[in-house]
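A.B. asks: Show me how the following folds:
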Amino acid sequence: MLMPSIFGDNLFDDFFDFPFGGYQTSEMMRTDIKETDGGYEITMNLPGVKKEDVKGELKDGYLTVSASSSSSKDEKNQEGRYIRRERYSGSCSRSFYVGDQITENDVKARFENGTLKLLVPKKEAKPAVEDKKYIAIEG
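C.D. replies: Predicted structure coming up:
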């Protein structure tokens, strides 16, 4: 018998099981940014994601971290018939502006136990060299 959630477990709790190891979206890619003397330390939580499913890209001064995950749950009864079969595939990403002076070689990344740590150095913007243009005066 289906019962409303006020009588105990919610009917849809099992049905809408989140694919990233039971974590809610608010916990996915939770990020801490710490400023140090030499740069910034970015610590990002990626629970249930494998290292090979995490990608970092630096383009137009933006550092973008993307993660993808997929899962499959197969439950069979004794005769081998499916009782429940669920599949999920999803991805998420975050972007941070780090400046145009930063290159891929400047950023150091380490992934360990579902946590990605990025070290981004500080680089001061180079002042633009003033190029004087003169107007030709006839006469």
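A.B. asks: Now do the buried residues in the helix or strand of the chain with the lowest mean pLDDT.
C.D. replies: Comparing helices and strands within the chain by mean pLDDT, DSSP states H and E singles out strand 82-97 as the least confident, with a mean of 81. Buried residues in strand 82-97, defined by neighbour count with 16 or more other C-beta atoms under 10 Å: residue 96. All C-beta atoms are positioned from the backbone trio N, CA, C, and that covers glycine.
A.B. asks: Distance from that strand to the middle of the chain?
C.D. replies: Chain-centre distance of strand 82-97: 12 Å, with C-alpha atoms, centre = their mean, to the nearest Å.
A.B. asks: Now whichever helix or strand comes after that strand: average pLDDT?
C.D. replies: Sequence-wise, the next helix or strand downstream of strand 82-97 (DSSP states H and E) is strand 108-112. For strand 108-112, the mean pLDDT works out to 94.
A.B. asks: Residue 48: neighbour count?
C.D. replies: By other C-beta atoms under 10 Å, 16 other residues sit near residue 48.
A.B. asks: how near is it to residue 114?
C.D. replies: 7 Å (C-beta to C-beta, to the nearest Å).
A.B. asks: Please apply the same query to residue 101.
C.D. replies: Per C-beta to C-beta, residue 101 is found 31 Å from residue 114.
A.B. asks: where do the strands sit along the chain?
C.D. replies: 31-35, 39-45, 54-59, 62-76, 82-97, 108-112, 115-121 (DSSP state E).
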